[in-house]
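Q: Give the three-dimensional model of this entry:
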Amino acid sequence: DIAYYQNIAINESRLGIPILFGFDIIHGCRIIFPENLGMSASWDIEAIKKSAQIAAREAASIGIAWTFSPMCDISTEPRWGRVSEGSGEDPYLGSKIAAAMVRGYQGEDLGDPNTILACVKHFAAYGAPQAGRDYHTVDMSQRMFRDRYLPPYRAAIKAGAATVMTS
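A: All right, here's what the predicted structure looks like:
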């Protein structure tokens, strides 16, 4: 129970520093929404933002303050096992979804108790492994990186994402 451990951290530890609880809330917390690839097929940016708002509200209510989302990987390799976590192969759509999810999770003010921190993931170009094997080598040009893989990350950062996964 998060409240139990938070109480110990604040009231029984020497410095009283609260714990930052994070969880992979990639398509909902208690209410489970369709996987991200399915949501992206709708092209309904407002509904995607609303799903992130609902997930944030639910997560915050149980003490989770940080989600490892949005998943901004562009994937053109159908054999990659994590394709469904992202928004597909379109950098434009991926960028719109990344920004909407950040705004949904974080709202206008992170001081609002119904918001949580967003974490842009995974490290840029992680979604381009050779032969679709997770954690495999990625080899690409600077132009491909900037044109196809970087836009969703850039959009999430511009939308104010509080954190970024570095690997």
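
Q: Could I get the contacting residues of the nearest residue to Thr163 once chain neighbours are set aside?
A: By the measure of Cβ to Cβ, 6 or more residues apart in numbering, the closest residue to Thr163 outside its immediate chain neighbours is Cys119, 4.3 Å from it. No exception for glycine: its C-beta is placed from N, CA and C like everyone else's. Taking Cβ atoms under 8 Å, 6 or more residues apart in numbering, we find Cys119 in contact with 22, 66-69, 161-165.

Q: switch the cut-off to 7 Å
A: 66-69, 163-165 (Cβ atoms under 7 Å, 6 or more residues apart in numbering).

Q: Secondary structure element for it, which one?
A: strand 117-120 (DSSP states H and E).

Q: Restricting to C-alpha, output that strand in PDB.
A: The C-alpha coordinates for strand 117-120 follow below in PDB (Å, rounded to 0.1, in the frame of the first residue of the first chain):
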ATOM      1  CA  LEU A 117       4.500  13.700 -14.000                       C
ATOM      2  CA  ALA A 118       4.900  12.500 -17.600                       C
ATOM      3  CA  CYS A 119       8.100  10.700 -18.700                       C
ATOM      4  CA  VAL A 120       9.000  10.700 -22.400                       C
END
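
Q: Which parts of this structure are strands?
A: 22-23, 66-67, 117-120, 163-164 (DSSP state E).

Q: Need those in JSON lines (columns: distance to Phe145).
A: JSON lines is the format used below for those (distance: least, Cβ to Cβ, whole Å):
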{"stretch": "strand 22-23", "distance to Phe145": "27"}
{"stretch": "strand 66-67", "distance to Phe145": "26"}
{"stretch": "strand 117-120", "distance to Phe145": "16"}
{"stretch": "strand 163-164", "distance to Phe145": "16"}
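
Q: Nearest spatial neighbour of the residue sitting nearest the centre point of the chain, chain-adjacent residues omitted?
A: In the chain, the residue lying closest to the centroid (Cα atoms, centre = their mean) is Ser69, at 1.1 Å. In space, and not counting its chain neighbours, Ser69 is closest to Ile26: 4.8 Å by Cβ to Cβ, 6+ apart.
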